[in-house]
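Visitor: One predicted model, sequence on top.
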There are 2 protein chains.
Amino acid sequence: MRRPLRVNGGRLDGLTATDDTMPNTHANSAVPRPTEAELDILRVLWDRGACTVREVHEQLHADGGAGYTTVLKLMQIMHAKNLVSRDDAQRAHVYRAAVTRQRTQKRFLAEMVTRLFNGSPSQLVLHALGEAPRASKAELRQIRELLDRIDRRGKPQ
Amino acid sequence: MRRPLRVNGGRLDGLTATDDTMPNTHANSAVPRPTEAELDILRVLWDRGACTVREVHEQLHADGGAGYTTVLKLMQIMHAKNLVSRDDAQRAHVYRAAVTRQRTQKRFLAEMVTRLFNGSPSQLVLHALGEAPRASKAELRQIRELLDRIDRRGKPQ
DNA sequence: TCTTGTCAACGAAGGTCTTCGTAATTCCCA
DNA sequence: TGGGAATTACGAAGACCTTCGTTGACAAGA
């Protein structure tokens, strides 16, 4: 029986693609897409910079969500996946995000566009804009400026 | 040991939230978020309308990706999850998407905003727009029109 | 009627993800 | 130097996802 070995796990849930054929800078291609719990940890690392496991655990599950070893295990796995880097000079290892927030956002957006918006980013923009009428004036202005820049630059079609 | 039963599987990967506290119309809340393979099937049903398992399989794996029974099993599971409805009047059951594309897009977008964009939809818009300078003039105009409408209507801040 | 082909149902295997319990390690302090 | 406390490492369990093989039902044609 042909049972193709799966890459990112097998059950990638909802969004994926993992083509990495985009003209990306840096080519962060090796790292897999972070899972749900991994994303929670990345958010902490993005917001607070380098952290020990204890710090992440306290930030995330101060109320007793998951245990310390759970977070530890996750971060070890993330290290094996190259999602985080680790400084083990001290007894309490210090972890740091190895993928940027920007890059991760971009990745998830691209997958979303591919799988849910027929590959049309502007369709996604339209939907997101529709769901988000609570934007501040500053944000709306920012969006308009970006639109202007796109208009001036590339002149597709 | 406290081992909280997981709802949507447990390993929801990357994006989730499943709060359903948004002021949604219709409240499609019962159905879980579709997984990757389920989304592939939904796309076919959205594009082609009601289909038999065979049709979906041929559309999706004509080149021999996954076997017929794989698709069948998936669609049975989706039926159990209320992601699709089924008409078993004929021998070959006819399946139909029970969740709309719009609604699913909205759901994924909301989760993405929550987990990756600090709850700011306009941040997501900015990123998506940045990654998508290939929009046609018509699309750009559409986006501007939506912006105008938002400006005129709600006047937040 | 018998055969052949299609299809749904069932069960199971192999992977991940998430969560811990437990053991081993290391550091500090009395 | 001998605990204790904090941390890392290891392994395993439970839940799901994805993929199929197999079986049984059923229909159409020879």
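Guide: Yep, it's here.
Visitor: Run the contact check for stretch A:40-54 versus DNA strand D.
Guide: Yes: residues of stretch A:40-54 are located near DNA strand D by Cβ under 7 Å from any atom of the strand, namely A:52, A:53, A:54. For glycine as for every other residue, the C-beta is placed from the backbone atoms N, C-alpha and C.
Visitor: quick check: domain ranges of chain A?
Guide: If you go by automatic domain parsing, the domain ranges for chain A are A:36-97, A:101-152.
Visitor: so which of those domains gets nearest DNA strand C?
Guide: The minimum distance between DNA strand C and the domains of chain A falls on domain A:36-97, with 3.3 Å, by Cβ to the nearest atom of the strand.
Visitor: what mean pLDDT would you report for the closest one?
Guide: Mean pLDDT, domain A:36-97: 94.
Visitor: Please enumerate the helices of chain A.
Guide: Along chain A, the segments classed as helices by DSSP state H run A:36-48, A:53-61, A:68-80, A:101-116, A:121-131, A:137-152.
Visitor: does DNA strand C sit close to the shortest one?
Guide: Which is helix A:53-61. No: Helix A:53-61 is not in contact with DNA strand C by Cβ under 7 Å from any atom of the strand; minimum separation 7.7 Å.
Visitor: Do any residues in that helix lie close to chain B?
Guide: No: on the criterion Cβ under 8 Å from any Cβ of the partner chain, helix A:53-61 is out of touch with chain B, staying 12.2 Å away.
Visitor: Distance check, the residue nearest the centre of chain A against residue A:125.
Guide: Centroid-nearest residue in chain A, with Cα atoms, centre = their mean: residue A:104, separated by 3.0 Å. Distance of residue A:104 to residue A:125, computed by Cβ to Cβ, to the nearest Å: 19 Å.
Visitor: what's the answer for residue A:96, then?
Guide: On the measure of Cβ to Cβ, residue A:96 and residue A:125 end up 32 Å apart.
Visitor: Of these two, give the one with the bigger neighbour count.
Guide: Neighbour comparison, residue A:96 and residue A:125: the larger count goes to residue A:125, with 28 against 12 (by other Cβ atoms under 10 Å in any protein chain shown).
Visitor: So that one is in contact with residue B:143, correct?
Guide: Yes: in this structure, residue A:125 is within contact of residue B:143 by Cβ atoms under 8 Å, at 5.9 Å.
Visitor: List the residues that are in contact with both of those two.
Guide: Shared contacts of residue A:125 and residue B:143, defined by Cβ atoms under 8 Å, 6 or more residues apart in numbering or on different chains, are found at B:129, B:135.
Visitor: hmm, back to that, quick one: contacts for the residue nearest to the centre of chain A?
Guide: Here residue A:104 is in contact with A:34, A:39, A:42, B:116 (criterion: Cβ under 8 Å, 6+ apart).
Visitor: Recalculate using a threshold of 10 Å.
Guide: A:28, A:31, A:33, A:34, A:39, A:42, A:43, A:46, A:83, A:97, B:14, B:116 (Cβ atoms under 10 Å, 6 or more residues apart in numbering or on different chains).
Visitor: Please apply the same query to residue A:54.
Guide: A:68, A:71, A:72, A:92.
Visitor: Mark which of the residues you listed are buried, thanks.
Guide: Among those, those buried by neighbour count (16 or more other Cβ atoms under 10 Å in any protein chain shown) are A:71, A:72.
Visitor: And the furthest pair within the contacts of residue A:54?
Guide: A:71 and A:92 (12.9 Å; Cβ to Cβ).
Visitor: tell me, what's touching these two both at once?
Guide: Joint contacts of residue A:71 and residue A:92 (Cβ under 10 Å, 6+ apart) are A:53, A:54, A:55.
Visitor: so what's the last one closest to, chain neighbours aside?
Guide: The reference is to residue A:55. residue A:48 (7.2 Å; Cβ to Cβ, 6 or more residues apart in numbering or on different chains).
Visitor: same deal with the first one?
Guide: Once its chain neighbours are removed from consideration, residue A:53 has its nearest residue in residue A:72; the separation is 4.8 Å (Cβ to Cβ, 6+ apart).
Visitor: what about that neighbour, distance to DNA strand D?
Guide: For residue A:72, the distance to DNA strand D equals 5 Å [Cβ to the nearest atom of the strand, to the nearest Å].
Visitor: can you check residue A:70 too?
Guide: 9 Å.
Visitor: okay, now that residue: neighbour count?
Guide: Neighbours of residue A:70 (other Cβ under 10 Å): 14.
Visitor: So it is in contact with residue A:40, correct?
Guide: No: look at residue A:70 against residue A:40 with Cβ atoms under 10 Å: they stay out of range, at 11.3 Å.
Visitor: Good, wrapping up.
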